[in-house]
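**Q** when you get a sec, could you give me coordinates for this:
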Amino acid sequence: MKLNTKGIALTAITVATIFGSAVMAGAAPSSEVAEPSYHGPSHTIALIKFNNKTPSKVLGIGESATDILRTLLKVAGLEPIDVTEDGLREQDELIRLQQSGTVKTGKKNATDGFDAVDYRIQGAVTSYSEVEEGSDMLFYQKKTQVARVVVDYSLVDIASGKSLLAESGTGEIRKESGGALGFGSKSTVDTGLREGALRNALSKALNKMIDKLNGIPFQSRILLVENQTVVIKAGEKSKLPIGTRLGVFRAGQELIDPESGISLGKREKMIGELSVTAHQNERVTETSIISGSDIKAGDIVRVMRP
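**A** Sure thing, here's the model as predicted:
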C-alpha cells in the first residue's frame, strides 16, 4: 500500500513538471512568414487606405491593415505615401480619356502629375474571424485561439493605369494556452491576434508584389541631350550600376484598337544605345552615347539584356 501511494505521488509530480512551462507562460502567437525585403530600384508607392468589407464590419480593421502595410513597405525598402482614392480616381479617368483620344493631351500629359509616384497599392479586408479550439487530456487542458483574415489587394502602374497584380490572400495566427490539473491559464481576448493575422496576410501579399516589381525591367525617359552626354530620369534611386548599357527607343504611330477605339500603345523603333557614366542625384543620371545620332529629349530608355 505504501509503495502504491508513493507511485501515485510521483506520477502527479511528473505530470506537473512536464506541463509546468505551458502552465506558466503559454505559447506565443505563431506566424511563419518572413517580412519581405526589396533590393531593386527605389520606388515611391501610393498607399490607399484599405476598405473594410468584413461582413460584421470589424471596427478599425481597414485602418490597421493600412498601418501595417505602410510599415512593411518602409522596412522592405520602398517609400509609401498616403493618397486619397478620389484623387487617384479623377487622375485615372483623365489618363484614360487622353489615351483614348477623347481629351487631347495639350501641354501637359495627365501621367506627368505622378512623376514622384511609381505605383499604387489598394485593397480591402473582406473577412475576419476568431475562434477558440480546445482539447482535454489527463491532468491537462489546452486552448488555442485562432484568428483568420482575408485581404484583396492590387498593385497598379501609375503611368499606364494597368493592374500588375490583383489577388486575394489569407493570413492566420494561433496562440496556445493551457493548464494542468485545472489550475492553469485560460485564453482571454487578445487584441494582438487581429494585427498578427493581418501582418501574416499582408507580408505574403507584399512578397508577391515585390516579386512582380523585381521582374519589371528598368524604363525611363531622356531629359536632355548635350553633345555626347545624355541626361535621363533615373538617379541613385534606380540602382543602375555605372557602365550599364541602355537602349534608346523612339515612340511612333499610335496603335488604336479598332473595336474599342482605345490606344494599345505606340509602335517603337530602337535608334541608339547609351552607357551610364554618373548619377547626379537621386533621380537624375548622366550617360554617354555609344551609337545613334538622332537621340532627343523624350525618347524612351531601357536596360539592354545581356
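
**Q** can you pull out the helices in the stretch 51-200 of the chain?
**A** Using DSSP state H, counting those that start in this stretch, the helices assigned to the stretch 51-200 of the chain run over residues 61-76, 85-100, 192-214.

**Q** got JSON lines for those helices, with mean pLDDT and mean neighbour count too?
**A** Quick note: C-beta positions are derived from backbone N, CA and C, even for glycine. As requested, the helices of the stretch 51-200 of the chain are exported to JSON lines (pLDDT from 0 to 100; neighbours: other C-beta atoms under 10 Å):
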{"stretch": "helix 61-76", "mean pLDDT": "93", "mean neighbour count": "19"}
{"stretch": "helix 85-100", "mean pLDDT": "65", "mean neighbour count": "15"}
{"stretch": "helix 192-214", "mean pLDDT": "92", "mean neighbour count": "21"}
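
**Q** closest one to S293 among those helices?
**A** The minimum distance between S293 and these falls on helix 85-100, with 31.1 Å, by C-beta to C-beta.

**Q** re the thing from before, K266 is nearest to which of the helices of the stretch 51-200 of the chain?
**A** So among those, helix 85-100 is nearest, using C-beta to C-beta, at 10.5 Å.

**Q** pLDDT below threshold where in the chain?
**A** The model of the chain has pLDDT under 70 over residues 1-35, 85-92, 94-116, 134-141, 159-160, 178-191, 262-265, 306.

**Q** wait, what's in contact with E63?
**A** Counting by C-beta atoms under 8 Å, 6 or more residues apart in numbering, E63 makes contact with K49, F50.

**Q** kindly recompute the last result at 7 Å.
**A** K49 (C-beta atoms under 7 Å, 6 or more residues apart in numbering).

**Q** how near is it to N51?
**A** With distances taken as C-beta to C-beta, to the nearest Å, E63 is found 11 Å from N51.

**Q** how many other residues sit next to S260?
**A** 9 (other C-beta atoms under 10 Å).

**Q** ugh, wrong one, D82
**A** When neighbours are counted by other C-beta under 10 Å, D82 registers 10.

**Q** any idea what it is bridged to?
**A** L47 (DSSP bridges).

**Q** could you measure from it over to Q122?
**A** In terms of C-beta to C-beta, D82 sits 12 Å off from Q122.

**Q** can you check S260 too?
**A** 25 Å.

**Q** likewise for T277?
**A** 38 Å.

**Q** out of these two, which sits in the more crowded spot?
**A** Q122 (21 against 14).

**Q** would you confirm that that one contacts I48?
**A** Yes - because the distance of 4.1 Å satisfies C-beta atoms under 7 Å, Q122 is recorded as touching I48.

**Q** strands of the stretch 101-250 of the chain, residue ranges please.
**A** 119-137, 140-157, 163-180, 219-226, 229-233, 245-256 (DSSP state E, counting those that start in this stretch).

**Q** what sits against the residue lying closest to K266 once chain neighbours are set aside?
**A** Spatial nearest neighbour of K266, excluding adjacent residues (C-beta to C-beta, 6 or more residues apart in numbering): A251 at 4.3 Å. Applying C-beta under 7 Å, 6+ apart, we find A251 in contact with K266, E268, I300.

**Q** one more time with 10 Å
**A** G265, K266, R267, E268, K269, G298, D299, I300 (C-beta atoms under 10 Å, 6 or more residues apart in numbering).

**Q** from G161, how far off is the fifth one?
**A** Separation of K269 from G161 (C-beta to C-beta) stands at 25 Å.

**Q** and the second one, by the same measure?
**A** Separation of K266 from G161 (C-beta to C-beta) stands at 16 Å.

**Q** look at the two and report which has more neighbours.
**A** When neighbours are counted by other C-beta under 10 Å, K266 and G161 differ, and G161 comes out ahead with 17 against 13.

**Q** could you list the domains of this structure?
**A** Structural domains annotated on the chain: 27-214, 219-303, as defined by automatic domain parsing.

**Q** quick revisit: name whatever forms a beta bridge with the residue nearest to K266.
**A** The partner residues for A251, given DSSP bridges, come to E268.

**Q** any idea which element E273 lies in?
**A** Using DSSP states H and E, E273 sits in strand 263-279.

**Q** got the CA coordinates for that strand in CSV?
**A** The C-alpha atoms that make up strand 263-279 are tabulated as CSV, following Å, rounded to 0.1, in the frame of the first residue of the first chain:
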residue,chain,number,x,y,z
SER,A,263,-4.9,53.2,-77.5
LEU,A,264,-2.9,50.0,-77.0
GLY,A,265,0.4,51.9,-77.0
LYS,A,266,2.8,53.2,-79.7
ARG,A,267,5.0,51.5,-82.2
GLU,A,268,8.6,51.8,-81.2
LYS,A,269,11.9,51.8,-83.0
MET,A,270,15.4,51.4,-81.5
ILE,A,271,17.5,54.4,-82.5
GLY,A,272,20.6,54.2,-80.3
GLU,A,273,22.5,52.9,-77.3
LEU,A,274,23.8,54.6,-74.1
SER,A,275,26.2,53.8,-71.3
VAL,A,276,25.6,55.0,-67.7
THR,A,277,28.5,57.3,-66.6
ALA,A,278,27.4,59.0,-63.3
HIS,A,279,24.4,59.7,-61.0
